[in-house]
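Asks: Mind folding the following:
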Amino acid sequence: MHRGRHSPDMPETNSNDAFVFSFWYRLFRTYHAPRTGEPVFGLNTLHDSAWQSVWGLLAAPVRARHIGAFWSVA
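Replies: This next block holds a predicted model:
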């Protein structure tokens, strides 16, 4: 249930914080059913190969400041 928190899709990211008890989400009608199939993790904005290297990961905190879409929440 908690795996959805690590999805690149915003509606899935902002749901299902709990590891064990889902009754809170069902009680307040905020439960988000997981997608079927293989789960996808990560960020949509950082899939470029320049980010997916050791140096890219080390430089990410500095380089990410220059990406407006990285910090905006839609």
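
Asks: contacts, neighbours, all on C-alpha from now
Replies: OK.

Asks: helices and strands around the longest helix along the chain, which ones?
Replies: Secondary structure of the chain per DSSP state H: the longest helix is helix 54-63. Contacting helix 54-63 under the criterion 3 or more Cα pairs under 8 Å, 6 or more residues apart in numbering; DSSP states H and E is no other helix or strand.

Asks: just use 84 as the starting number from now, easier for me
Replies: Got it, the first residue is 84 from now on, which makes the last one we talked about helix 137-146.

Asks: That one - what's its average pLDDT?
Replies: Over the span of helix 137-146, the pLDDT mean works out to 81.

Asks: any residues touching it, and which ones?
Replies: Helix 137-146 is contacted from outside by Ala133, Trp134, using Cα atoms under 8 Å, 6 or more residues apart in numbering.

Asks: buried set for that helix?
Replies: The neighbour-count check on helix 137-146 (16 or more other Cα atoms under 10 Å) flags nothing as buried.
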